[in-house]
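Novice: no sequence on this one, just coordinates:
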């Protein structure tokens, strides 16, 4: 068996959306650590068992929803943090080969809960909160590749996918 080397790179983009109404909503996401995620798959064990980057990305969430006078909006629905791939597959920058997005999984830790999500090309809510005034918290993300779905590569390749994280007022 010939072992092939593979590089997976995940680029992170942050966007914030504010609801415009009578309320004063401000949101912000700061990438504190891990804005450029790379997996170097170059051992047989990596192919057979997948790879993980533990607690790799830390996003700081800031959310504020007030009404006149700076008090909490009593009817404010809170916020949600979403992620999605900016393409329909993980694309090779060497050959044009593609891999399915479901090779990548996220384990998201927020407010003492950990949830697992599979990467796809539609918005996936990965964290949420109902706090409305001066809310600041960290969302910590671990990445897995090839854990649930195996990595099947036949040549040395470099693969890239861009991730978009968005924070917005809940619908």
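Specialist: Yep, that arrived. It should be emphasised that the depicted structure is a prediction, and the values quoted were computed from it without experimental measurement. Numbers count the residues shown, from 1 in each chain.
Novice: mind checking the SS state of residue 160?
Specialist: Going by DSSP: H, G, I helix; E, B strand; the rest coil, the secondary structure assigned to residue 160 is strand.
Novice: What's the local residue count around the closest residue to residue 111 other than its chain neighbours?
Specialist: Closest residue in space to residue 111, ignoring its immediate chain neighbours: residue 137 at 6.7 Å, by C-beta to C-beta, 6 or more residues apart in numbering. (Glycine included, C-beta is placed from N, CA and C.) For residue 137, the count of nearby residues is 14 (other C-beta atoms under 10 Å).
Novice: From the chain's centroid, how far away is the helix or strand hosting residue 137?
Specialist: In the assignment (DSSP states H and E), residue 137 maps to strand 135-145. Distance, stretch centre to chain centre, for strand 135-145: 8 Å (C-alpha atoms, centre = their mean, to the nearest Å).
Novice: can you check stretch 133-144 too?
Specialist: The chain centre lies 11 Å from the centre of stretch 133-144; the measure is C-alpha atoms, centre = their mean.
Novice: Residue 94 contacts residue 158, doesn't it?
Specialist: Yes - the pair residue 94 and residue 158 qualifies as a contact (C-beta atoms under 8 Å) at a distance of 5.5 Å.
Novice: which of the two has more neighbours?
Specialist: When neighbours are counted by other C-beta under 10 Å, residue 158 comes out ahead of the other of residue 94 and residue 158, with 15 against 12.
Novice: So the more buried one sits against residue 93, correct?
Specialist: Yes - here residue 158 lies in contact with residue 93, judged by C-beta under 8 Å, at a distance of 5.1 Å.
Novice: re the thing from before, and the contacts of the strand holding residue 137?
Specialist: Contacts to strand 135-145, defined as C-beta atoms under 8 Å, 6 or more residues apart in numbering, come from residues 8, 10, 32, 34, 37, 39, 41, 50-64, 79, 81, 103-111, 126-127, 129, 151.
Novice: 6 Å instead, please
Specialist: Counting by C-beta atoms under 6 Å, 6 or more residues apart in numbering, the neighbours of strand 135-145 from elsewhere in the structure are 8, 37, 39, 50-63, 103-110, 127.
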